[in-house]
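**Student:** Kindly return the folded structure for what I paste below:
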Amino acid sequence: MSSIKIECVVDERNKIGESPVWEEKEGTLLYVDIQEKQVKRWDAASGHVQTVNVGAHVGSVVPRKSGGYILALGTRFAFLDWEKKKVTDIISVDQDKANNRFNDGKVDPAGRFFAGTMSMEIRPAEVERHQGSLYTLHADHSVVKHFDQVDISNGLDWSPDHKHFYYVDSLSYRVDVFDYDINSGSICNRRVLYKMEEDEGIPDGMTIDSEGKLWLACYNGGRVIRIDPETGKRIQTVTLPVDKTTSCCFGGKDYSEMYVTSACLGMDDKWMAKQPQAGGIFKITGLGVKGIPPYAFAG
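**Tutor:** Numbering: from 1, shown residues only. Okay, here's the model as predicted:
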């Protein structure tokens, strides 16, 4: 077993750091601060962070094959031209729900953007229940709604053989699995894969490794856990120096590093004094496993 090392590589107080995506060509980590309405890019070589303010709560950001990025922003999908710092709307969802916003999202292996909604938080992790839905933005900019009655649409990923879709609705305190059709992007046959243990906190963002195991960030649990989808069992826990771990992705030269985002929203001075790196981004090395390069939006 290699020795695991954890370091805070971006020591900044993101209110809700989320949606990390590694950009291999640039050697940069893309992420958002939902609360501060910002898309950010950290350069691993220089340590420099660039920021674009996008004017609304931004749940997730993904790269686009033809350049630039796609955002799940407020209750709409939008393009972001990074150089011009320009946001262009594509299509809106949840138009009957003025208090909703997008949360986590990810591109599937065929280049579609899956992203879900939730109601605005009253307090951290406290929301009006059953207000969210899960959507897909297709390459032709059409939108499909998969289901509604979601509390906090969160982590999502696909199995390496593209046969399964994994999904978190945070307040269900579990990870679910669906059968997934890569040709159509449809999902069906939802079932429970993993139920959170008492001390693990709230299931948040997640990523898959090349061995087909899931890594789940545990909000208020201060850890990422590795789950074996075949057995539904937790097989590893990595503890971080902050409680509000929000999401994770693999990156680095060969995708052997894990990056974990975190939040500090709702923490008082005493709590912040104990966890001064809350809201920062952490790099975990020595896990002995690699990730899968992220997919880019095809449209």
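**Student:** Would you mark the buried spots in stretch 113-121?
**Tutor:** 113, 114, 115, 116, 117, 118, 119, 121 (16 or more other C-beta atoms under 10 Å). Quick note: C-beta positions are derived from backbone N, CA and C, even for glycine.
**Student:** Tell me the bridge partners for residue 203.
**Tutor:** Residue 203 has these beta-bridge partners by DSSP bridges: residue 218.
**Student:** next one: residue 186
**Tutor:** residue 181.
**Student:** which residues in the stretch 151-299 of the chain form strands?
**Tutor:** Assigned by DSSP state E, counting those that start in this stretch, the stretch 151-299 of the chain shows strands spanning 153-158, 164-169, 174-181, 186-195, 202-208, 214-219, 223-228, 233-239, 245-251, 257-262, 281-285.
**Student:** Let me see the mean pLDDT of the third one.
**Tutor:** If I follow you right, that is strand 174-181. Averaging pLDDT along strand 174-181 gives 98.
**Student:** So in that sheet, which strands flank whichever strand or helix holds residue 62, and in what orientation?
**Tutor:** Element membership for residue 62 (DSSP states H and E) is strand 58-63. Take DSSP bridges as the rule and strand 58-63 pairs in its sheet with strand 69-73 (antiparallel).
**Student:** elements contacting the next helix-or-strand element following the strand it pairs with?
**Tutor:** Per DSSP H and E, the first helix or strand lying C-terminal to strand 69-73 is strand 76-81. In terms of contacts (3 or more C-beta pairs under 8 Å, 6 or more residues apart in numbering; DSSP states H and E), strand 76-81 is packed against strand 69-73, strand 86-92.
**Student:** Save the strands of the stretch 151-299 of the chain as TSV, and put in distance to residue 141 and mean neighbour count too.
**Tutor:** Shown next, in TSV, are the strands of the stretch 151-299 of the chain (distance: least, C-beta to C-beta, whole Å; neighbours: other C-beta atoms under 10 Å):
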stretch	distance to residue 141	mean neighbour count
strand 153-158	20	26
strand 164-169	21	24
strand 174-181	20	18
strand 186-195	18	15
strand 202-208	25	26
strand 214-219	30	26
strand 223-228	34	21
strand 233-239	39	14
strand 245-251	25	27
strand 257-262	28	27
strand 281-285	31	20
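**Student:** will you turn those strands into a markdown table that also has distance to residue 273?
**Tutor:** Output for the strands of the stretch 151-299 of the chain, formatted as a markdown table (distance: least, C-beta to C-beta, whole Å):
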| stretch | distance to residue 273 |
| --- | --- |
| strand 153-158 | 29 |
| strand 164-169 | 31 |
| strand 174-181 | 33 |
| strand 186-195 | 34 |
| strand 202-208 | 23 |
| strand 214-219 | 20 |
| strand 223-228 | 21 |
| strand 233-239 | 20 |
| strand 245-251 | 19 |
| strand 257-262 | 16 |
| strand 281-285 | 19 |
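**Student:** Nearest to residue 274, out of those strands?
**Tutor:** Closest to residue 274 of the strands of the stretch 151-299 of the chain, according to C-beta to C-beta: strand 257-262, at 13.8 Å.
**Student:** helices or strands up against the closest one?
**Tutor:** Packed against strand 257-262 by the contact rule (3+ C-beta pairs under 8 Å, 6+ apart) you find strand 17-23, strand 214-219, strand 245-251, strand 281-285.
**Student:** Alpha carbons of that strand, in CSV - could you do that?
**Tutor:** Output of strand 257-262 as CSV, limited to C-alpha atoms (Å, rounded to 0.1, in the frame of the first residue of the first chain):
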residue,chain,number,x,y,z
GLU,A,257,-3.8,12.5,-8.3
MET,A,258,-7.2,13.2,-6.8
TYR,A,259,-8.4,16.7,-6.3
VAL,A,260,-11.0,17.4,-3.6
THR,A,261,-13.1,20.6,-3.4
SER,A,262,-14.5,21.9,-0.1
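**Student:** Tell me the strands beside it, with direction?
**Tutor:** Counting by DSSP bridges, the strands paired with strand 257-262 are strand 245-251 (antiparallel), strand 281-285 (antiparallel).
**Student:** Mind listing residues that contact the longest one?
**Tutor:** Under the criterion C-beta atoms under 8 Å, 6 or more residues apart in numbering, residues 16-22, 24, 29, 44, 104, 155, 204-207, 209, 215-219, 221-224, 256-263, 290-292, 294 lie in contact with strand 245-251.
**Student:** returning to what we had before: nearest approach to residue 50 belongs to which of the strands paired with strand 257-262?
**Tutor:** In terms of C-beta to C-beta, the element of the strands paired with strand 257-262 nearest to residue 50 is strand 281-285, at 14.0 Å.
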